[in-house]
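Chemist: need a structure here:
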Amino acid sequence: MRAGLVRSSLTLVAGGALAQLLPLLLGPWLTRLYTPQEFGHYHLFAAVAATLAVVACGRYEFALPMVADDAEAHALRRLGLRLLGVATAAAALAGGAWAWATGHGWAAALPLAVGALGAVSLATLWANRAGRFRALAGARVLQHGGGAVAQAAAGWAGTGVMGLVAGPILAAAATAAALRLPWGRGPGGQPALGEVARRHRDFPLWNTPHAFAGTLQDALAVALVAAWAGPAAAGFWGLALRYLKAPATLVGGAVAQALYPQLGSAGPTRAARRAVRRVLGLLVLLALPLVVVLWVAAPWAFELAFGSGWRDAGELARALALYIGLHFVASPLGVVTMAWRAQRWALGLALVGHALFIGALALGLWAGGLAGAGWTVSAAMAAYFGTYFWRLATWPVPPEAVEQSRP
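Modeler: The predicted model follows:
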C-alpha cells in the first residue's frame, strides 16, 4: 500500500505544484488589474457556484473508485450526468434571479460555472478509478493554471468582474474535455440507475449534506464579511484564503486522491489506521513552518506582493495562521470517513464545525473587525480539529479486521 500511495501522491503533487504555481505567480498582477471590490464580488460568485457544484452529481462520483465492475461504474457515471443536468438547470434559474435582483450581469453565468465544475468532479473521479494519475496531474494544471491565465488576459482587457468569473469557467470546461469523460450510454449489461442509486445511497444521504455544508460555510463567510465590512473586505478575505489554502489544495488534494482508493479497498483495518496516522503525522510536520511564517511575516509579505492596498489581507492572514495550519492537515483526511463508510458520523461532526466557524467569524467581526474575526476563527477551530484528528488516529477496528491484519 505504501509504495503505491507514495508514487501516486508524488505524481499528483508534481502536477498540483505546477497548477498552483501559475495562479500564485499571477496573483500580484491580478491584484493590480482588479480592485478589492471586484475581487469581493468574484469570491462571492465563486463560493455560491462551488456550493452548488460540489453536490451537482449527488456525490455519486465518489463511489466510482470503490466499484470494481465496469458496467456498474458506467451506470454511476450516467446517474451523475443526469443529476448534473438537473443541477445546472436549477442554477440557471438561481443565476437569472440573482442577476435580475442585483443588476450584476455576471451572476447569470452561474449555470455555466456549476455545469463545468460538476463535470470536472465527475471526470476526475472517473480518471481516478482508472489510475490515470498523470492525466489527473495535467488536468489540475489546465484547470487552475489556465483559469489564472484567462483571468489575467481578461483583466488586461479591462473586463472587470466578468473576466474574473469567465476565466475559471473556461478552464474547467477545458479540463473536463481533456479528461475524456464519456458522455454516452457506454457498454451494455449495465444495472438500472435506480438500483445503482440505492446501492450507493450513503453518498447522497450522508456525504452530500457534508460537502454542501462545507462549501456553504465558505459562501456564508464571504457574504457575512461583505455585509458587515463591505465588498473590499470580502476581497481581502477571499484573497487571503485563496493564498493560504493553496498548500492544502496542492498537497491535500494529491494525497487524498491517492489515499482514497487505497483505504476504500482495505477498509478500517489496523494497517489502514497506521497509514492514516503516518499521513497525519507528516502533515503536522509540514504545517508547523507554515503557521510560524504567517505569524511572523504575513502583513509585510502581502503588502510587498500585492501592493499597499492589500496590507489588511496580510493582517488577516496572520490571524488565520493557526486555522490554516489545521486545515492543511485536515484537508486530505476527509476521504478517510468516506472510505470507511463513516459518513454519518463525519456529517454530524462537520455540522458542529461549520456552526463554530460561522459563530466565531460573526463574533470576531463584531468585536474586532476583520482581523479580530481571524483570531476567533483560529481559536474555535483549534478545538474542533483537535477532536477530529484524535478520533481518526484512534478509530476502532472491527474484530474481523484485526484478525485479517495479523501476519
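
Chemist: From Arg274, how far off is Lys336?
Modeler: No Lys there; residue 336 is Val. Using CB to CB, to the nearest Å, we find Val336 at a distance of 13 Å from Arg274. Where you see a C-beta, it was placed from the backbone N, CA and C, and this is true even at glycine.

Chemist: Same drill for those two, tell me which one is more crowded.
Modeler: Per other CB atoms under 10 Å, whichever of Val336 and Arg274 has more neighbours is Val336, with 23 against 14.

Chemist: Quick check: which element contains the more buried one?
Modeler: Following DSSP states H and E, one finds Val336 within helix 334-339.

Chemist: Can you spell out which helices and strands pack onto the longest helix belonging to the chain?
Modeler: With secondary structure taken from DSSP state H, the chain has its longest helix at helix 343-393. Packing contacts for helix 343-393, counted by 3 or more CB pairs under 8 Å, 6 or more residues apart in numbering; DSSP states H and E, involve helix 208-229, helix 231-244, helix 270-306, helix 311-319, helix 321-330, helix 334-339.

Chemist: same question for that helix, mean pLDDT?
Modeler: For helix 343-393, mean pLDDT rounds to 92.

Chemist: re earlier: identify all contacting residues around the helix holding Val336.
Modeler: When contacts are defined by CB atoms under 8 Å, 6 or more residues apart in numbering, helix 334-339 is touched by residues 62, 66, 203, 207, 256, 259-260, 263-264, 267, 276, 342-343, 345-346, 392, 395.

Chemist: I'd guessed Ala248 sits against Ser331; true?
Modeler: Yes - counting by CB atoms under 8 Å, Ala248 does reach Ser331; the two are 4.1 Å apart.

Chemist: What mean pLDDT does the helix holding Val336 get?
Modeler: 78.

Chemist: how far does it sit from the chain's center?
Modeler: Centroid displacement of helix 334-339 relative to its chain, using CA atoms, centre = their mean, to the nearest Å, is 14 Å.

Chemist: Ok, stretch 184-200 next?
Modeler: 28 Å.

Chemist: closest to Met381 out of the helices and strands packed on helix 343-393?
Modeler: Closest approach to Met381 among these is made by helix 321-330 (4.8 Å; CB to CB).

Chemist: Just list what the closest one packs against, helices and strands only.
Modeler: helix 270-306, helix 343-393.

Chemist: Compare the ones you listed and give me the one nearest Trp100.
Modeler: Among these, if distance is taken as CB to CB, the winner is helix 343-393, at 27.8 Å.

Chemist: can you pull the contacts of Gly307?
Modeler: Residues in contact with Gly307 (CB under 8 Å, 6+ apart) are Pro28, Thr31, Arg32.

Chemist: from the residues you listed, which would you call buried?
Modeler: Among the contacts of Gly307, those classed as buried by 16 or more other CB atoms under 10 Å are Thr31.

Chemist: Among the contacts of Gly307, which lie within helices?
Modeler: If you go by DSSP H, the contacts of Gly307 have Pro28, Thr31, Arg32 in helices.

Chemist: Looking at the residues you listed, which is nearest Ala139?
Modeler: When the ones in helices among the contacts of Gly307 are compared against Ala139 (criterion: CB to CB), the nearest one is Pro28, at 25.7 Å.

Chemist: is it true that the closest one touches Ala305?
Modeler: Yes - contact status for Pro28 versus Ala305: in contact at 5.0 Å, counting by CB under 8 Å.

Chemist: count of neighbours near Arg132?
Modeler: There are 16 residues near Arg132, going by other CB under 10 Å.

Chemist: what do you get for the one 4 residues further on?
Modeler: Other residues near Leu136 number 25, with proximity taken as other CB under 10 Å.

Chemist: cool, and Gly353?
Modeler: Using other CB under 10 Å: Gly353 sits among 21 other residues.

Chemist: Can you give the domain ranges for the protein?
Modeler: Domains of the chain are assigned by automatic domain parsing as 1-200, 206-402.

Chemist: Distance to Ala19 added to the helices and strands packed on helix 321-330, as TSV?
Modeler: Output for the helices and strands packed on helix 321-330, formatted as TSV (distance: least, CB to CB, whole Å):
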stretch	distance to Ala19
helix 270-306	18
helix 343-393	26
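
Chemist: Between those helices, which one is closest to Ala87.
Modeler: So among the helices and strands packed on helix 321-330, helix 343-393 is nearest, using CB to CB, at 20.0 Å.
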